[in-house]
Structures are given as C-alpha cells and as structure tokens.
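1. Model the structure of this input:
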Amino acid sequence: MPMTVGTGIGTDLSTVPERARKLEAMGYDHVSVGETSHNPFLPLVLVAEHTTHLRFGTSVAIAFPRVPHITANLAWDLSKYSGGRFVLGLGTQVKGHNERRFSVPWAPPGPRLRDYINCMRAIWDSWQNGTKPNYEGEYYQYKLTSPFFNPGPIEHPDIEVVVSAVNPFNARLAGEVCDGIAIHGFSTFKYIREVLIPAVHEGARRAGKDPKDLRITGGGFIVTGRDEQEVAAATERSRRQLSFYASTRSYSNVMKTHGWDDEAAHLHRLSIEGKWDDMVDVITDEMMEEFCVIGTWDELPGKMREKYAGINTQVGFGADPRNPDEEARIKEIISELKMIPAVGEE
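-> Modelled structure (predicted):
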C-alpha cells in the first residue's frame, strides 16, 4: 500500500469541523485523537460529519476502562456513520494509570488485550451475522443479548483495529490478531527496526497473514518548524516529553537497546521525587537524534524518508499554517511525504 500522511485533529469540539475540512483539503489521509485529557471518540463524530473521504481514528483509546461491548458499540456506530472510514486504535496504558486513575484492576496487559479484541470481534460477528453469543475468554465474555440490544448489521462491518505497542508482546499481538500497529512515539528507529517490526511480522506469520497488508503507523517524534528558531523551541518541548516517557519502567526496553539503563533508572527516581525540571537534562542530544526526526519544514521530507522508508504505511506530520502561502507549502510537503516508500515498496 502507498504511504499515507496523518495528523492530530484536536479535542476542541467547537473547532473540529473547520479543522477537519481544512486538513482534508490540504491532502491529509488520516486524522486521529488520543485519549489524554478529553474523550477521544466525540471529536470523531464531527470529523465523520464534516468530511467525505478522510479516514480517522483513535490514537489511541485506552482499552481496559471500557468493557469490550462499550468499545464495540462506539466503533460500530462510527463505522456506520462514516461509511467505513473509522480505525479503532487501542492501547493498554500502564499499571499505575489503570489502577489509580481509571480505577481498573490490573492484569497482564498483553493477554488481556488479546482477549478484549477477540471478544469485541465476537460481538461484531453477532451483530452482523446473527451469530449466537458464545464467547468466553479469561477476562471477558459475551454470552447474552437480545434483539433489543443488537444494533444490527451495517454496510462496513470489517472495522480496522490497531494497537499501540512499545514492547514485543503487543507488537506480535498487533500482527497476529489486529490489522496493524500504532508504534508508540517513545521508540527509537533502531528499536523499531530491530525489535518491533520483526515482532509484528512474527505475529502476522503465526496467523497466516502477509505482513505487507498490515497498517504500520507512528514511531518517533517529528520535531519541526518554519525556521531554525521554531525547530529549537520544538526540540526542547520534545526533550521534556521524552524525559517523562523515559522515566516509565514499562518502557525501559527501548532505553536498554541503546545501553541507557542507568539513565532510565535515574529518570524514574527523579519522577518519583517530582523533579520534573531536572529530568530534562538527562535527555542528551544523542538521545534526541535517536528518538526524533528534527528539521525545518523544508528539510523534513528528506529526513523522514531516511527514517521511515520501508517501515511504515503511514507517517505523521503536524503543522499550523497561518496564511494561504503556508497552506500551499504544507500541501507540497504532504505530497512529498506520500512519495516515501512504504512497507514493501523499497
């Protein structure tokens, strides 16, 4: 499949319609909403309403605070309303957030996510084909319904599901039971090439799939701006964000790949102590180069080609043009990014 280009749409419901129309006109293929401080599904209803061909999805919705039936229902309605343009992106989040932010009991996230997705697909099959509810997994079940609770078949029932992954287990899961992977931004390109992509391919082979048919999105930080001054400011913002991610022990495999075990442990201690400003200094320029694509708008297509060629089926690029000339330049950049060889095109 050819390379596509995506970006975030934001969560301000008052601005989503206009922004969605503008992004579609500029040539974007996909927009997404993450689950941070706002619900990720609500803006997507507006995207579906105010665009005609733009694909959209959650990037990502946190799975476990919602039972599979609730998520299945949200995805079903969005797929129906949009004519099949919705992509369901799911993530697990870490133990602390599940237990202490979402009040969700913790269990091994990889096996639980597999069960979650299988249950959700059984629900969709029941709604589309009238299959008797008969799913019982280790964590979830779907064994009861009635016509009153069944939304019925839709024209586009094959909803794409991708999962976010930092560690190999979920990357294999993405290849095996999903339609692709949303690679976490906290992933160096060495880690993506040497650890995550082989795991995704292994999972696909287990399921008898061709890895070239999978959706591969995300990975790394895109640090850009109109000029060097804007790039420098964006670099420091990204450095702060990386220090936060690197302090999370669940993501330590990425740091270990580069021999940064001590730095990861130090960052975790600083986070426990609440020394957020001190954490930024631990992220070196070398780390930034490994995690990021850094360059002005003019430099970006070439630098992204170096990093993403042959890995992804979709790359991300966000910009906020201030006038028609800048909008025209963004259109050109998007066209150039679509020329990056996707998986299987090198």
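
2. Do you have the helices of the stretch 201-346 of the chain handy? List them.
-> Listed in chain order, the helices of the stretch 201-346 of the chain (DSSP state H, counting those that start in this stretch) span 228-246, 252-257, 261-272, 276-280, 285-291, 300-308, 324-337.

3. what's the second one in contact with?
-> This means helix 252-257. Under the contact criterion Cβ atoms under 8 Å, 6 or more residues apart in numbering, helix 252-257 has outside partners 166-168, 186-188, 190-191, 194-195, 246, 261, 263-264. Bear in mind the C-beta positions are built from the backbone N, C-alpha and C, glycine included.

4. what residues are up against Met339?
-> Contacts of Met339 were listed using Cβ under 8 Å, 6+ apart, and they are Met3, Pro301.

5. Residue numbering should commence at 12 henceforth.
-> From this message on, residue numbering opens at 12, which makes the last subject Met350.

6. Tell me the spacing between it and Gly191.
-> Computed as Cβ to Cβ, to the nearest Å, the Met350 to Gly191 distance reads 21 Å.

7. Check Asp88 too.
-> Summarising the geometry, the distance separating Asp88 from Gly191, computed by Cβ to Cβ, is 22 Å.

8. Give me the more crowded residue out of these two.
-> Each of Asp88 and Gly191 has its neighbours counted (other Cβ atoms under 10 Å); Gly191 has more, 24 against 16.

9. And Ala86, what's its pLDDT?
-> Here the pLDDT value assigned to Ala86 is 98.

10. do the same with Tyr262
-> Confidence at Tyr262, expressed as pLDDT, is 88.

11. Break this structure into its domains for me.
-> Annotated domains of the chain cover 15-234+304-348, 238-303 [automatic domain parsing].

12. And the strands in the stretch 62-211 of the chain, which stretches?
-> The residue ranges that make up the strands of the stretch 62-211 of the chain, judged by DSSP state E, counting those that start in this stretch, are 66-69, 72-73, 97-102, 146-147, 152-153, 171-176, 191-194.

13. Put together JSON lines for these, with mean pLDDT on each row.
-> As requested, the strands of the stretch 62-211 of the chain are exported to JSON lines (pLDDT from 0 to 100):
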{"stretch": "strand 66-69", "mean pLDDT": "98"}
{"stretch": "strand 72-73", "mean pLDDT": "98"}
{"stretch": "strand 97-102", "mean pLDDT": "98"}
{"stretch": "strand 146-147", "mean pLDDT": "98"}
{"stretch": "strand 152-153", "mean pLDDT": "98"}
{"stretch": "strand 171-176", "mean pLDDT": "96"}
{"stretch": "strand 191-194", "mean pLDDT": "96"}
